[in-house]
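S.K.: structure for the following, please:
(one chain, ligands or ions: 2)
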Amino acid sequence: MTVYTRDDIKAAGWLREENYIGGAWVAADDGRTYGVDDPATETQIGTIPWVGRTETKRAIDAAQAAFTAWSMTTAGERAGLLGRMAQIVRDNLDILASMLTLEQGKPLAEARNEMKLGADYIQWFAEEARRINGEIIPSPWKDRQILVTREPVGVVGAISPWNFPFSMLSRKIAPALAAGCTIVIKPSEFTPYCGLLYGVLAGMAGVPAGVVNVVTGDGAAVGGELTQNPLVRKITFTGSTRVGKLLYKQSADTMKKLSMELGGNAPTIIFDDADLELAVENAIAGKFRNTGQTCVCTNRFYVQDGIYDAFAARLTERVRQMKVGNGFDAGVEQGPLINQAAVAKVEAHVQDAKAKGGRVLLGGKRHALGATFYEPTVIADATPDMLIAHEETFGPVAALFRFTTEQEGVDAANATEFGLAAYFFTKDLARTFRVARAIQSGMIGINAGVITTPEAPFGGVKDSGIGREGSTHGVEDYLNIKYLSLGGL
Ligand SMILES: NC(=O)c1ccc[n+]([C@@H]2O[C@H](COP(=O)([O-])OP(=O)(O)OC[C@H]3O[C@@H](n4cnc5c(N)ncnc54)[C@H](O)[C@@H]3O)[C@@H](O)[C@H]2O)c1
Ligand SMILES: O=C[C@H](O)CS(=O)(=O)O
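M.R.: Ligands and ions are numbered 1, 2, ... in the order given. Now for the predicted structure:
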């Protein structure tokens, strides 16, 4: 895999330091900018415009102006343009992965996987564009037909997080365009370049001006305009539950469609009869992907008495082998956290666990590599009163809780207001169906630790959100159903 520098990426035209509105690359009206740092070195890699409501309104107006023509394109035309966007990504995976690692910090191999996953989501919805069908329903009237059509909702507002800065947007932009909607995107200020990349991709693929718009700036101001402007007919948000609830409230007065992909607190249950090696390898993948900064990362390991010691020992042995470093360095498996505030939160969870009787088997402190690094950590004897049992740690910390009966394990797993992902490991078929039915989450990995794929519906229940992204369900939230009662026949 080739590693590219910031200047290589900028010179090639992938790293854009302007906003994309109505097909033009522009600065903030007042010229304000915001510095973007490399999380590993904490050095500035570039700037972005710091826009507010005025520029956001202009982007919404551009999206509205483009909507009628775009919604009248054929499914084949939309599929072709989305397919071109996906292919451009696939043809430039290495340089785009370097841009992702540069702004987000994840190991380069993971960044490349994320770019590929994003291309796969775009390709998936390129194909789904051709399957947005209507219905003819048998009429109760002899002289009438009942027709049902599915129509694009209109202008979409999309706001996304920093942990998967490309793929999170792919499963918003692609279904929106496939449905015939236009869109205004606000990426995270910590990782804006993978969001602004969608302006580059749209321009390169030939997507008409105004269909895709990307603005960067004050979340509250941009979000305020997106949620309160009546021209915006849908908000799709991925981020914290706190912000999601805020946007949910702000959208009420203009009655928008909402998709909310929010926080998690995933449990993993390891039953006595689990395949130990399979459980450990999947626990590693599911816990430490993106240095634990993933909404579907295991936050709590519940390990049954009979396998507890063996699992704790084997997991610790494997985590000890993980290489920590700059995401660009060969063989690195754990990169920096996004910033020092993230490290402080992880440290607070670990210190709280230790103060309440947690036993650190590995790690447990900041890494010597720098202020944004934390040692991969395994804590045994975790208890429900610890912060790590209730809050999303969002870092490289595996907390091991012990349980005795199946019901205790399930009850502990469900003892959270979140319900995004959950995992369990067993070879017992009857238990598999019992526990899968009992767990309160939108997605469950059974003998599997990484489950995200475009073919499957991604999303949560309870405080983890509403709606689904990916799968054949992912485009539904961008469509209105219209019923035609056709009489006089
Ligand atoms: N369910 C999922 O699919 C999923 C995926 C990735 C991340 N997440 C969650 O996202 C969180 C981490 O991401 P984050 O730190 O970027 O989340 P965040 O909620 O702090 O920020 C997300 C986005 O919202 C914007 N924002 C912040 N305040 C806003 C406001 N008042 N109005 C409008 N927009 C505002 C931010 O600028 C950013 O673009 C974690 O909780 C994680 O679980 C969920
Ligand atoms: O942070 C959560 C994302 O959804 C990651 S992924 O979709 O599982 O790749």
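S.K.: could I get the phi/psi values of the most centrally placed residue in the chain?
M.R.: Per Cα atoms, centre = their mean, the C-alpha nearest to the average position across the chain is that of Met168, at 4.0 Å. Backbone torsions for Met168, taken as degrees, to the nearest 10, come to phi -60, psi -40.
S.K.: kindly report the residues of the protein close to ligand 2.
M.R.: Contact residues (Cβ under 6 Å from any ligand atom) of the chain with ligand 2: Asn163, Phe164, Ser167, Thr294, Cys295, Val296, Thr452. Yep, even glycine has a C-beta here, placed from its N, CA and C like the rest.
S.K.: run the last query once more with 5 Å
M.R.: Residues of the chain lying close to ligand 2 (Cβ under 5 Å from any ligand atom) are Asn163, Phe164, Thr294, Cys295, Val296, Thr452.
S.K.: could I get those residues as TSV with neighbour count and distance to Lys462?
M.R.: Listed next are the residues of the chain next to ligand 2 as TSV, based on neighbours: other Cβ atoms under 10 Å; distance: Cβ to Cβ, whole Å:
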residue	neighbour count	distance to Lys462
Asn163	26	21
Phe164	28	22
Thr294	21	19
Cys295	28	14
Val296	24	15
Thr452	20	19
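S.K.: want to throw the residues you listed into a markdown table with pLDDT, secondary structure and distance to Pro187?
M.R.: As requested, the residues of the chain next to ligand 2 are exported to a markdown table (pLDDT from 0 to 100; DSSP: H, G, I helix; E, B strand; the rest coil; distance: Cβ to Cβ, whole Å):
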| residue | pLDDT | secondary structure | distance to Pro187 |
| --- | --- | --- | --- |
| Asn163 | 98 | coil | 12 |
| Phe164 | 98 | coil | 11 |
| Thr294 | 98 | coil | 17 |
| Cys295 | 98 | coil | 16 |
| Val296 | 98 | coil | 20 |
| Thr452 | 98 | coil | 19 |
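S.K.: between the residues you listed, which is nearest Asn92?
M.R.: The shortest separation between Asn92 and any of the residues of the chain next to ligand 2 is 18.1 Å, and it belongs to Phe164 (by Cβ to Cβ).
S.K.: once you drop chain neighbours, what's closest to the closest one?
M.R.: Glu114 (5.8 Å; Cβ to Cβ, 6 or more residues apart in numbering).
S.K.: what are the buried residues along the helix or strand containing that neighbour?
M.R.: Using DSSP states H and E, Glu114 sits in helix 108-128. Under the neighbour-count criterion of 16 or more other Cβ atoms under 10 Å, helix 108-128 has 108-126, 128 buried.
S.K.: now do stretch 437-453
M.R.: For stretch 437-453, the neighbour count (16+ other Cβ under 10 Å) marks Ile439, Gln440, Ser441, Gly442, Met443, Ile444, Gly445, Gly449, Ile451, Thr452 as buried.
S.K.: in helices only, show me those residues.
M.R.: Counting by DSSP state H, no part of the buried residues of stretch 437-453 is found in helices.
S.K.: so of those, which ones are in strands?
M.R.: Among the buried residues of stretch 437-453, the ones falling in strands (DSSP state E) are Met443, Ile444, Gly445.
S.K.: pLDDT wise, what is the second one at?
M.R.: This means Ile444. What the model reports for Ile444 is a pLDDT of 98.
S.K.: got the contact list for it?
M.R.: For Ile444, the contact set (Cβ atoms under 8 Å, 6 or more residues apart in numbering) comprises Ala421, Ala422, Tyr423, Phe424, Ala436.
S.K.: contact partners for the nearest residue to Gly263 once chain neighbours are set aside?
M.R.: Ranked by Cβ to Cβ, 6+ apart and with sequence neighbours excluded, the top spatial neighbour of Gly263 is Thr241, at 4.2 Å. Shown in contact with Thr241 (Cβ under 8 Å, 6+ apart): Leu262, Gly263, Phe418, Asp463, Ser464, Gly465.
S.K.: of these, list those near ligand 1.
M.R.: Gly263.
S.K.: of all the contacts of Thr241, which comes closest to ligand 1?
M.R.: Nearest to ligand 1 out of the contacts of Thr241 is Gly263 (Cβ to the nearest ligand atom; 3.5 Å).
S.K.: so what's that closest one up against?
M.R.: Counted by Cβ under 8 Å, 6+ apart, Gly263 has contacts Ser240, Thr241, Arg242, Gly244, Cys295, Glu392, Phe418, Leu420, Asp463, Ser464.
S.K.: buried subset of those?
M.R.: By 16+ other Cβ under 10 Å, those give Thr241, Gly244, Cys295, Glu392, Phe418, Leu420, Asp463, Ser464 as buried.
S.K.: is it correct that Glu317 falls within a helix?
M.R.: Yes - using DSSP: H, G, I helix; E, B strand; the rest coil, the assignment for Glu317 is a helix.
S.K.: quick one: it from ligand 1, how far?
M.R.: In this view, Glu317 and ligand 1 are 29 Å apart by Cβ to the nearest ligand atom, to the nearest Å.
S.K.: where in the stretch 51-200 of the chain is pLDDT low?
M.R.: Regions of the stretch 51-200 of the chain meeting the criterion pLDDT under 70 are absent.
S.K.: quick one: the strands in it?
M.R.: For the stretch 51-200 of the chain, the strands defined by DSSP state E, counting those that start in this stretch occupy 135-137, 145-152, 155-159, 182-186.
S.K.: and the last one, how far out from the chain's middle?
M.R.: Its chain's C-alpha centre lies 16 Å from the corresponding centre of strand 182-186 when counted by Cα atoms, centre = their mean, to the nearest Å.
S.K.: please apply the same query to stretch 203-223.
M.R.: 18 Å.
S.K.: residue numbers of the stretch 51-200 of the chain in contact with ligand 1?
M.R.: Within reach of ligand 1 by Cβ under 5 Å from any ligand atom, the stretch 51-200 of the chain has these residues: Ile159, Pro161, Trp162, Ser188.
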